[in-house]
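Q: here is my input; please provide its structure:
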Amino acid sequence: MKKYVSILSVLVLLLGFVAISYSAPAEIPSDTTAAVAKGQTKITLGGDIRVRGFAIKNGEVLDKESYPTTNANSPNQNYLDYRVQLKIKAEVSPNTTGYIMLQSGTESLPYVIYGSQQGGARGVYQVGNTKESQVWIHTAYIQYQGSGLLGVPAGIKLGRDIIILGNGLFLYHDRLGDDQIMAYVQPLKELTLALATVKFREGNSDLSDDATAYILLGSYKGKNFELSADVTYIDDQGNKDSTVDRGYSKWKMNSIFGKDSDIHLWNFGLRGNVDDIAGTGIGAKADIELQTGKILNTASTYYGGYEPKLKGWAGLAGLNYKFKTIPLTLKAEYQVGSGHGDSKDIKEYITAIGRLENAYTTFVYENFARSACDSALARYSKMTGLCNTQYVIFGGEGNITKSLSAQLYGFWIRANKAVNINGYKDKSKDVGYEVDTMITYKIEKNLKYWIEAGYFWPGDAWKLKNGKDPDNAWAIRHNIMVTF
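A: As a prediction, the model looks like this:
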C-alpha cells in the first residue's frame, strides 16, 4: 500500500488515545439490571426481537403485463421476517469499555426471511424443521477515554461499528457497519474534533487493492444550535491481479473503468442546525456537500482511456415548527443531488449508502423501486440516495395519546438530469409523488407495534418502452418488537 496511507494510519493511532463512535449503537434500555463480574467489571446485557410482515405491490414500477409469468420479480410480494439482536456492554474501568452486538441474518441482510431454508425435516412430509439463520458480529469495539494524555477529554475506539456523517447524504453505513479506528479530542466542552480510518475493503495482502476512507471531522454544539464539518478522502485501489471482489456484485467499476482503475474521491461537508429560534418553536437546518477528485488508470475502452474528474454535489435545507400547545411538529425540507447527464466527467453525486430500511427518505421509492441515479457505475439501481435526485418534502408527526403516535409525509420527487428508467425513447425529470405514513402503538413499556405504509405515483421518467404509463406502487409493513 502506498506510503502516505501507512503514515495516515499511524497518525490516527497517535492523535488521540481514544475515541467515541460518531454514531452510537442502539442503546441498552436504561432500566436493564447489570450483571457484575469479578472485580470492578460491570456487564450489561440487552437486546431486541423484532418480527415484520410485508405486502408490496409493483415494486419494479411496471405495468402488470410487463412482469414475466415465471420470475421472482412478480408484481405482488408478501413475506415475513425476523431479527434478533443481543447487546453486551462491558465496563471494565471508568475509562475502558467493550461493546458487542450479535445479530441474526445473512452476510448481506440484517434479518431472516421466514421459511428461507429447507433440509431438516424427515418423515413423509419433508418440509420445514430447519435452522435458517447465522449469528453475525454486527458491532465489536474497544473504547478508551480519559484526559491524561492531552490534558483535555480524548479517546480512541478500535473495532467494528456503524458510521454516519452528519445528515448521511454522503456516508450512511448503519445497516451492517464497517471496520474502523476513530480518535477524538475535546479541546472545549462544546467542540469535538475527530479523525478516523475506515476499511471498506481489504484486498490481497501483497497487492495495492484496498479501499479505505480517511475522515477528519469537527462539531461545535452550542445552547440551541450545532455546526459541523467533515472532509472524507476515499482511496479505492484497483489491481488487475486482485483475486477479491471489488464491491457489490452489481457495481460496474471494473467493467467500465477496468480492474486497474483507482478512485481518489474527496467529499467536503458543511452543515448546521438551530432549534427553537428565539423561543418561536421554529427550527432550521442546512447541509452542503461538494466532491472533487479523479478516477485514474482507466481502461482504454472508456473514452480512449480518459480519466474522469469527480464533480458531484448535494444539498439540504429544512424548516420545522413545534407547537407549544399540542404535541405536533410540522416539517418542510428540500434535498437535491447532482446528476451525470452527458458529461465524460463524473458529475453525479456519489453516495456511500448502507441504511437500515427505516432510515430511507421515502418508504416505497427508495426501499423497493429503482432510482433515478444516472451514474454509469450504478445506473437506475436501488437505494442510491441523492444521486441525480431531488425531493420536496412536507409533513408532520406527533403524539395522539400517551401510547399512540403518528406521522404523515408527502414527497415531490424529481431528477436533476432527465432519465428514462424503463427505457422509453424520451427522457423526463418527473420521477413522481409519494405519500408515507407510520403509526406506532406502545403496547407496554418495552413492547411496541408500528405499521408503515407508502403509495407512489410514478411520473413520466418511468414510461415503458411502448409509451404506456406504469401502474402505481405501494407497500405496507407491520412491525412488532420487544426490547430488553
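Q: C-alpha from now on. contacts and neighbour counts both.
A: Will do.
Q: and the host helix or strand of Lys417, which strands flank it?
A: Counting by DSSP states H and E, the element that carries Lys417 is strand 404-419. Strand pairing for strand 404-419, determined by DSSP bridges: strand 390-399 (antiparallel), strand 428-444 (antiparallel).
Q: kindly reformat those as JSON lines containing distance to Lys322.
A: Shown next, in JSON lines, are these (distance: least, Cα to Cα, whole Å):
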{"stretch": "strand 390-399", "distance to Lys322": "9"}
{"stretch": "strand 428-444", "distance to Lys322": "19"}
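Q: okay, the strand holding Lys417 in CSV with CA atoms only?
A: Provided in CSV are the C-alpha atoms of strand 404-419 (Å, rounded to 0.1, in the frame of the first residue of the first chain):
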residue,chain,number,x,y,z
LEU,A,404,-50.1,6.3,20.3
SER,A,405,-48.1,8.4,17.8
ALA,A,406,-48.3,9.0,14.0
GLN,A,407,-46.5,10.7,11.2
LEU,A,408,-47.6,11.7,7.6
TYR,A,409,-45.3,13.0,4.9
GLY,A,410,-45.7,13.9,1.2
PHE,A,411,-42.9,13.9,-1.4
TRP,A,412,-42.5,15.5,-4.8
ILE,A,413,-39.6,13.7,-6.4
ARG,A,414,-37.7,15.0,-9.4
ALA,A,415,-34.5,14.0,-11.2
ASN,A,416,-31.7,16.6,-11.6
LYS,A,417,-30.9,15.3,-15.1
ALA,A,418,-33.7,13.8,-17.3
VAL,A,419,-33.9,10.0,-17.3
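Q: use 6 as the first number for this chain going forward.
A: Sure, I'll start numbering at 6, so the last one becomes strand 409-424.
Q: among the strands paired with strand 409-424, which is nearest Lys422?
A: When these are ranked by proximity to Lys422, the top entry is strand 433-449, at 6.3 Å, counting by Cα to Cα.
Q: tell me which residue is most central in the protein.
A: Centrality entry for the chain: nearest residue to the mean C-alpha point is Arg360, 2.6 Å, by Cα atoms, centre = their mean.
Q: so who does the closest residue to that one other than its chain neighbours touch?
A: The shortest distance from Arg360 to any non-neighbouring residue, by Cα to Cα, 6 or more residues apart in numbering, is to Arg180 (4.9 Å). With contacts defined as Cα atoms under 8 Å, 6 or more residues apart in numbering, Arg180 is in contact with Pro115, Ile167, Gly359, Arg360, Leu361.
Q: show the pLDDT at Arg180.
A: You'll see Arg180 listed with a pLDDT of 91.
Q: am I right that it is in a strand?
A: Yes. Residue assignment for Arg180, taken from DSSP: H, G, I helix; E, B strand; the rest coil, places it within a strand.
Q: what's the spacing between it and Glu96?
A: From Arg180 over to Glu96 the distance is 26 Å, taken as Cα to Cα, to the nearest Å.
Q: now tell me which helix or strand of the chain has the poorest mean pLDDT.
A: Among the helical and strand segments of the chain, the one scoring lowest on mean pLDDT, DSSP states H and E is helix 8-19, with a mean of 37.
Q: so where's the stretch 356-489 of the chain shaky on pLDDT?
A: Counting by pLDDT under 70, the stretch 356-489 of the chain shows no low-confidence range.
Q: how about the nearest residue to Lys69, chain neighbours excluded?
A: Leaving out its chain neighbours, the residue that sits closest to Lys69 by Cα to Cα, 6+ apart is Pro80, at 6.6 Å.
Q: what's the burial count for that neighbour?
A: The number of residues packed around Pro80, counting by other Cα atoms under 10 Å, is 22.
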